[in-house]
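[1] sequence first, predicted model second:
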Amino acid sequence: MVSKAPRASNIELLRIVAMLMIVNLHSFFAPEAAVAWTDVNVAYVLDFFREALCIPAVNIFIVISGYYSIRWKIKSFFSLVFQTYFFVIIIYFLTLLWGNPFNIKTFLLYLNCVPYTYWFIAAYVGLYLLSPLLNAFADKCSAKQLLVFLVIYYLFQFYYQLMFSNYFNAGYSILSFFGLYLIGRYINKIHQENQGRTHSAKFYFSLYLIASVCITINLLFMQSRGMNVKDDHFLGLAYNNPLVIVQAVSLFLSFSKLKIQSKFINFCGSSILAVYLVHMHPQLKYDYYIEYCSSLYALSYAEHLLVLSVLFVVLFVVSILADKVRLWIYNFLYEFLRKICPKKVKRALARVEYICTC
């Protein structure tokens, strides 16, 4: 029996860093609030810079998926679905123990919360379902052909986002995921052709920092003009901002150069999505997480960062450990259902998996 290759710890570490960026992004409130330009201080600028550093997080996850390519497996697909609803249901019933009254209408709304609360999950499921077609397209193309396609794709996207600010929903969409996924496939092709002969990790990390500084400067300029840094221009805090895409690619290339192998990093990285599912749960997001993070602005900047750091550590530990329990339950249920599943259903599922992996 061939043993499964261990996860690349450098990329798992990047996934952990990207999730830290996401929880960081969801803790910001002062930078996005409209304030007079004369009231802007050092702490305000630092918050903008922290937000600029973190904005490529979602793009990083999709570039990683594209680089390794999504390979269709029935068990993996249903694991993602089970993981999402496991946390939706469990957290809802846990909040009942905290004194929240049970409401069947609210519960049913939470079961349908994926499109508007977990937009990333909804878009990623669509990407997962269509990944066989994207893989087939990328595999047929040479690196040069794929690059030409990406240039045309992004020129089209940037133009329409510039002319019509909400045309691509600032990158919060499956359409933007397609481009990022194919960027990952392109990087993979380049690495295979060049056999790793690329720039150093420091070079790519420096590029990431330069892009972050440029974004910060632009955010401050937009703020000085009274513009909304998220909605008024795609060069603000939009996932399809060209500089944000440069950040994601640069940081991925930087981490791809690291030589790390750690069971602990892999243990945490394999359950990192749970952190997103927990803190963005509709019952926790507004009533607890956002309200608490917003209250921290009453502290000094140093105290604010210290409390946030403790909060993030607790969130990561609780979420990852809870997901290990979820994973054990899922594996048990999957094996049980597989044993009692009729042979016709098994053959149909195997056929779907075969078609999607061809």
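    Received, thanks.

[2] tell me which residue lies nearest the centroid of the protein.
    The structure's the chain has its C-alpha centroid closest to residue 58; by CA atoms, centre = their mean the separation is 3.2 Å.

[3] name the element that one belongs to?
    helix 57-68 (DSSP states H and E).

[4] cool, and residue 331?
    Residue 331 belongs to helix 301-340, assigned by DSSP H and E.

[5] what's that helix packed up against?
    For helix 301-340, the contact count by 3 or more CB pairs under 8 Å, 6 or more residues apart in numbering; DSSP states H and E identifies helix 9-25, helix 74-97, helix 263-269, helix 273-279, helix 291-295 as packing neighbours. In this view, the C-beta of every residue, glycine as well, is placed from N, C-alpha and C.

[6] quick one: buried residues of it?
    For helix 301-340, the buried set under the neighbour-count rule, 16 or more other CB atoms under 10 Å, comprises 304, 308, 311-312, 315-316, 319-320, 322-323, 326-327, 330.

[7] tell me how many other residues crowd the closest residue to residue 238 other than its chain neighbours.
    Once flanking residues are discounted, residue 238 sits nearest to residue 170: 3.8 Å by CB to CB, 6 or more residues apart in numbering. Residues within reach of residue 170, counting by other CB atoms under 10 Å, total 21.

[8] any idea how far residue 170 is from residue 119?
    11 Å (CB to CB, to the nearest Å).

[9] what's the answer for residue 176, then?
    Residue 176 sits 12 Å away from residue 119, going by CB to CB.

[10] just checking, what packs against the helix holding residue 58?
    helix 9-25, helix 119-140, helix 174-194, helix 242-256.

[11] so what does the last one touch, helix or strand wise?
    Right, helix 242-256. Packing contacts for helix 242-256, counted by 3+ CB pairs under 8 Å, 6+ apart, involve helix 9-25, helix 57-68, helix 143-163, helix 174-194, helix 201-224.

[12] 10 Å instead?
    On a contact count with 3 or more CB pairs under 10 Å, 6 or more residues apart in numbering; DSSP states H and E, helix 242-256 meets helix 9-25, helix 42-54, helix 57-68, helix 143-163, helix 174-194, helix 201-224.

[13] with that, I have no additional questions.
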